[in-house]
Structure formats: structure tokens, C-alpha cells
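In: My questions are about this predicted structure, shown below with the sequence.
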Amino acid sequence: FAPAAFAPRRTATTATSLNADGFTSKIFKTQQVTLAETTETIVKGGRDLFPLLPAAFEGIKKVGVIGWGSQAPAQAQNMKESLAAAGSDITVSIGLRAGSSSMAEAKAQFDDVRDMWEVIKESDLVMLLISDAAQSKLYKEIFAAMKPGATLGLSHGFLLGYLDSIGEAFPEDMDVILVAPKGMGPSVRRLYEQGKEVNGAGINSSFAVHQDKSGKATELALGWGVAVGAPFLFQTTLRDEYKSDIYGERGILLGAVHAIVEGLYRRYQRQGMSPEDAFLNSAESITGMITKKISTRGIKAVYDDMSPADKEVFETAYSASYGPSKEILQECYDEVACGNEIRSVIMQGDRVNSGKGFIGKIDGTDTWKVGEKVRASRDDDAIPLNPFTAGVYVATMMAQIDVLLEGGHSYSEVINESVIEAVDSLAPYMHYRGVAFMVDNCSFTAKWGSRKWAPRFDYILDQLAYTAVDNGVPVNKEKIAEFTGHRVHQAVEECCKLRPPVDISCTAETTTKEIVIK
Ligand SMILES: NC(=O)C1=CN([C@@H]2O[C@H](COP(=O)(O)OP(=O)(O)OC[C@H]3O[C@@H](n4cnc5c(N)ncnc54)[C@H](OP(=O)(O)O)[C@@H]3O)[C@@H](O)[C@H]2O)C=CC1
Ligand SMILES: CC(=O)[C@](C)(O)C(=O)O
Ligand SMILES: [Mg+2]
Ligand SMILES: [Mg+2]
């Protein structure tokens, strides 16, 4: 495995190992979008495209969705409803392992739930939505069980990262495609349901064609993405996907935001706030004000809307936090890119399976107990937008963006993995029921990784950023100018225009998903 520093890098102006001219489709209308200094090809989704699904799924009679974690229930139900709406008779079946604890829930929601091997054997498209760690254990048997000509469908590049690290590859004679929703399963389902009223509402998704034996892989991948409800589909590679996804969830999406809340909650109390006020100014400020503003008006609006006095506080926090956050983010990116983090996830899977490791509870602390009280008497209009909290959060988001751009990822991938997913898919879940409701509705890979990396962000911010502020280190004006003049802002604006503005906020009526730690 080549360390990231030696891996081929793309500049932001050249397209990638992807085709520089983008991709073409005979079925779906493609569109060029200009994101900062780059042009990307995308497909805009929407229910109006469902009549095109039978053509995109040509040759597919049976779809098998394997697993019932976060993604599988959402993707399987969306897929089934979209195909039905298109008048297609393609079947969607669920495949689970023997003795699966998900059997009862899956059967309650789906008519055809069977043993995973039986479903794998008969499916023309196998959507492999078991945990990444399990994929790395079972891939040989799965490949062997698939029927000749069937397509392997992934929602993550993890398995390629693992195969690369052991010098193996996918069997040459099969199509391998990826559709990776940039949001957790419950929000993929919830926004799809909203999409029935607001055409195009959904979770954006990347897609990739890794192997195309049939010549039909691009159309099928696009069809899958449209069927599960992506407002827009952008192209990636399995390698870019696993690097950005595993990294992003350890960063601002889950791990870093958890750390920022815990650290600021303690800091504000040390400075004299009550626990309730400290929670309001940390967690609530992020999920109730900052991410909502970013979702509708972009990252810079958070700063632009501030009074001169608040801008000064923001600048102090931003300038002190950007460097320390970026240091951990870069380390995390390198650990992911070189395969270490993939090995770490697999080893944790082994420890969990052998009883030596576990995925513990993260919301039993004082922070989240106080949070529960604060939420119970929440007044939306009284949630403060704390400028210090905003400075730390936005600095970490910008540092995450910069590491990805320097790693050569496309703007679509960078923005979805660092901004849109945070504000549209994940933060609303933390707002509704606290940190565990957000983190533990995500994948095993994400649950474990954010637990592992959150403390790194917490420590470095406490030790380097907040001490710099307390020691009166002057604001780095250059850093602030880089932020306000950053080329990502225009690109975020463009990406946001590609999806209708929907309010994903969770309520008791709209959120039925319980946290299931698997
Ligand atoms: N969570 C998300 O929102 C996102 C996830 N992804 C990707 O989607 C894929 C699925 O992830 P996610 O939905 O989060 O699920 P999880 O990572 O939570 O995995 C849970 C599923 O894996 C199954 N599983 C675990 N071990 C085994 C095994 N040994 N044999 C068979 N099945 C097993 C579980 O079965 P059982 O039910 O029997 O316990 C369960 O259905 C992954 O590739 C992930 O990276 C991509 C985008 C977002
Ligand atoms: C929801 C999502 O996209 C994550 C955070 O990457 C995951 O659950 O792995
Ligand atoms: Mg993800
Ligand atoms: Mg993930």
C-alpha cells in the first residue's frame, strides 16, 4: 500500500483517474456544473426520471439487497417503490445471515427476506450492504456464490481498499459499481419520502464504475442512484470514495463535531456558564443555528451575518483552531489513504466478534444528560449562535475541505462529504436526540472510527487552540482572508442549488428509527 504522499495526486484542475471529459449516458440527461475552477458532469435525480429506470436496469430481473443495517432498509425500500412507480416487475429481495438479529424487523417491512446466500446466488444485481468489516471477511464466498454475469453493487469503496492492501482484486469477469449516498440510511429514507411532495428531495450520492464487462454498468449505477432518491449524482472512483468517506466521518461529520461539543461544553462551564447554557452555546448552537444557516446560505453566511464584535470572537476561535484541526485531519486522511484505518476497522470487527471489543455508549456523560433537559424545554428562537463555537466548527470544516482538495478530490465529493452531509443528513439527528442518535445510526465503520478519532480532536483543540486563545495569541489575518476568499464558497452555493431546500428536521412523527448498536 503506497503511503498517501507517494500516491498519484490530482490537482484541482485536472479531473482524476476519472475521465477528464466526465461520463456519458444514453438514458439519463447529464449536466455540466462549474464548481470553483473545475467543471464536473452530474446527473440530477428526481421522481420524474423513474420512467427511465426499466431501461437503466436492462437485463436485471432480481435485485438482492444484502444486510439490514443503516443503508439497506432505506435503499431497499426506496428502490422497490421507485421500480414499482416505474411499472417495472424487477423484484427486490433482502438477504440476511443465518440467525440475524434483524430478521424480525426486516420481515415486518419487507415481504421477501431470506438467507443471504440464497439471495446472492439468484440476484442479477447484488447490493452488498453488510458492514465493511464483514465484507472483508466474506468477499471470497460472495464472489463465488454470485451467478455469472451478475453485477456487484457497493455503497462504499472499503472493500477495494482492503483488496488493494492484500494484493487481491475483484474477479475480472464481473461488473463492479458503486452508489454511495452521502448521508445516513434513515435520512436516505426520510428525504425520499419528502421527495414524493418535493421533486428532487433526497440525499446526494456519488457513483463509480469500477469494472464494466457488460458495457451497461454506468447506466445501471445511475439508475440505482436515481431509484434510491439522489437529487444529484456525481462521479467518483472506489479509491476516492473510501478515502473521503472514512476520513469525513472521522472528521467534521461525526468525530470532530462530537469533540468540539464536548470540549466547548467543558470550556464554557470553566468560564462560568451553567451546564444548560454551556450546552446551548456548544451543541445547540451548532445544530440549531450554525448548520441550519450553512444548509440554506453556505458556510460564509455564518460569518457575514455577525456583528463586528462577534466577528472578532469568531476570528479568534477560527484562527486558533484551523491549524490544530488540520493537523489531526491530515493525519487521519493519511491513515485512511495508506490502508491503516481499514485494517483498524477490520481488527475492531474481529474484537467485537470475539468478545474482546465493543462499541460503547457515548451519550451517558453529563453533556448529553444536560442536553436531554435542554431539548425538553427547547425554544428554537432562543438558541444562541455563539461566535466562538462557530469559529471552531467552521475552522474544522474548512480544514477538512482543504485536506480533501489537496488530496485531489472533486469539489462535489469534498462538499458533499464535508458540508452538505453534515448539515442536511447528520446534524439534524444530533439536534433531535443527541450525539449517539447521530453516530450510532451510521455504519460500523463510522461508529468505531468516530469513537477512535473524536478524542484526538478534543485534546488538540483543548491543548493547542483554546490555550492559544487564552494566551492572547493574535488573530492570523491571513487565515481569515483565506477563509473569506476561499474558492469553495461559490462551489457550495452551486451544489446547494442542485437540491431543493427541504427541512429535514426530525420530530417524533418523522423519526421512528431507534439506535441499534450492531
Ligand atoms: N450507514 C450509512 O448511512 C452509510 C453506509 N454506507 C455503506 O453501506 C454499507 C452498509 O453499511 P450500514 O448500512 O451502515 O451497515 P453496518 O455497517 O451497520 O452493518 C450492519 C449490517 O451488516 C450485517 N453483518 C455484519 N456482520 C455480518 C456477517 N458476518 N455476515 C452477514 N452480515 C453481517 C449486519 O447483519 P445483522 O443485521 O444480521 O446484524 C447488518 O445487517 C457499508 O459498506 C457502509 O460503508 C454508505 C453510505 C452511508
Ligand atoms: C452516513 C455516512 O455516510 C457515513 C457517516 O459515512 C457512514 O455511516 O458510514
Ligand atoms: Mg458516508
Ligand atoms: Mg461511511
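Out: Okay, I see it. Ligands and ions are numbered 1, 2, ... in the order given.
In: So which bits of the stretch 51-200 of the chain are right by ligand 1?
Out: Applying C-beta under 6 Å from any ligand atom, we find that the stretch 51-200 of the chain lies next to ligand 1 at 67-72, 96-97, 100-102, 129-132, 134, 155-156, 158, 180-181, 184-185. Backbone N, C-alpha and C define where each C-beta goes, glycine included.
In: Among those residues, which are located in helices?
Out: 71-72, 132, 134, 158, 185 (DSSP state H).
In: Can you add neighbour count and pLDDT and give those residues back as JSON lines?
Out: Output for those, formatted as JSON lines (neighbours: other C-beta atoms under 10 Å; pLDDT from 0 to 100):
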{"residue": "71", "neighbour count": "27", "pLDDT": "97"}
{"residue": "72", "neighbour count": "24", "pLDDT": "98"}
{"residue": "132", "neighbour count": "27", "pLDDT": "98"}
{"residue": "134", "neighbour count": "19", "pLDDT": "98"}
{"residue": "158", "neighbour count": "25", "pLDDT": "98"}
{"residue": "185", "neighbour count": "24", "pLDDT": "95"}
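In: chain center to stretch 78-90: distance?
Out: Centre-to-centre, stretch 78-90 and its host chain are 26 Å apart (C-alpha atoms, centre = their mean, to the nearest Å).
In: Need the residues that contact that stretch.
Out: 47, 50-54, 57, 60-63, 65, 92, 110, 127, 188-189, 192, 224, 226-229 (C-beta atoms under 8 Å, 6 or more residues apart in numbering).
In: mind saving the C-alpha coords of it as CSV?
Out: Extracted C-alpha coordinates of stretch 78-90, given in CSV (Å, rounded to 0.1, in the frame of the first residue of the first chain):
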residue,chain,number,x,y,z
ASN,A,78,-36.7,3.3,-1.9
MET,A,79,-35.6,1.0,-4.8
LYS,A,80,-38.7,-1.2,-4.5
GLU,A,81,-41.0,1.8,-4.5
SER,A,82,-39.2,3.6,-7.4
LEU,A,83,-39.2,0.4,-9.6
ALA,A,84,-42.9,-0.1,-8.8
ALA,A,85,-43.7,3.5,-9.7
ALA,A,86,-41.9,2.9,-13.0
GLY,A,87,-44.2,-0.1,-13.6
SER,A,88,-41.2,-2.5,-13.5
ASP,A,89,-41.6,-6.1,-12.4
ILE,A,90,-38.0,-6.3,-11.1
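In: Pull out the buried positions in it.
Out: Of all the residues in stretch 78-90, those buried under the rule 16 or more other C-beta atoms under 10 Å are 78-83, 86, 88, 90.
In: ok, now stretch 329-337?
Out: 329-330, 332-337.
In: again, but for stretch 391-404
Out: For stretch 391-404, by 16+ other C-beta under 10 Å, it's 391-404.
In: can you list the residues of the stretch 101-250 of the chain near ligand 4?
Out: Proximity of the stretch 101-250 of the chain to ligand 4 (C-beta under 5 Å from the ion) is limited to residues 245, 249.
In: What ranges does the stretch 101-250 of the chain have for its strands?
Out: 113-115, 125-128, 151-154, 175-181, 205-211, 232-235 (DSSP state E, counting those that start in this stretch).
In: Same list (these) but as JSON lines, adding mean pLDDT, distance to ligand 2 and mean neighbour count.
Out: As requested, these are exported to JSON lines (pLDDT from 0 to 100; distance: least, C-beta to the nearest ligand atom, whole Å; neighbours: other C-beta atoms under 10 Å):
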{"stretch": "strand 113-115", "mean pLDDT": "98", "distance to ligand 2": "22", "mean neighbour count": "17"}
{"stretch": "strand 125-128", "mean pLDDT": "99", "distance to ligand 2": "14", "mean neighbour count": "26"}
{"stretch": "strand 151-154", "mean pLDDT": "98", "distance to ligand 2": "13", "mean neighbour count": "25"}
{"stretch": "strand 175-181", "mean pLDDT": "98", "distance to ligand 2": "7", "mean neighbour count": "25"}
{"stretch": "strand 205-211", "mean pLDDT": "98", "distance to ligand 2": "10", "mean neighbour count": "24"}
{"stretch": "strand 232-235", "mean pLDDT": "96", "distance to ligand 2": "15", "mean neighbour count": "26"}
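In: and residue 492, how many neighbours?
Out: 25 (other C-beta atoms under 10 Å).
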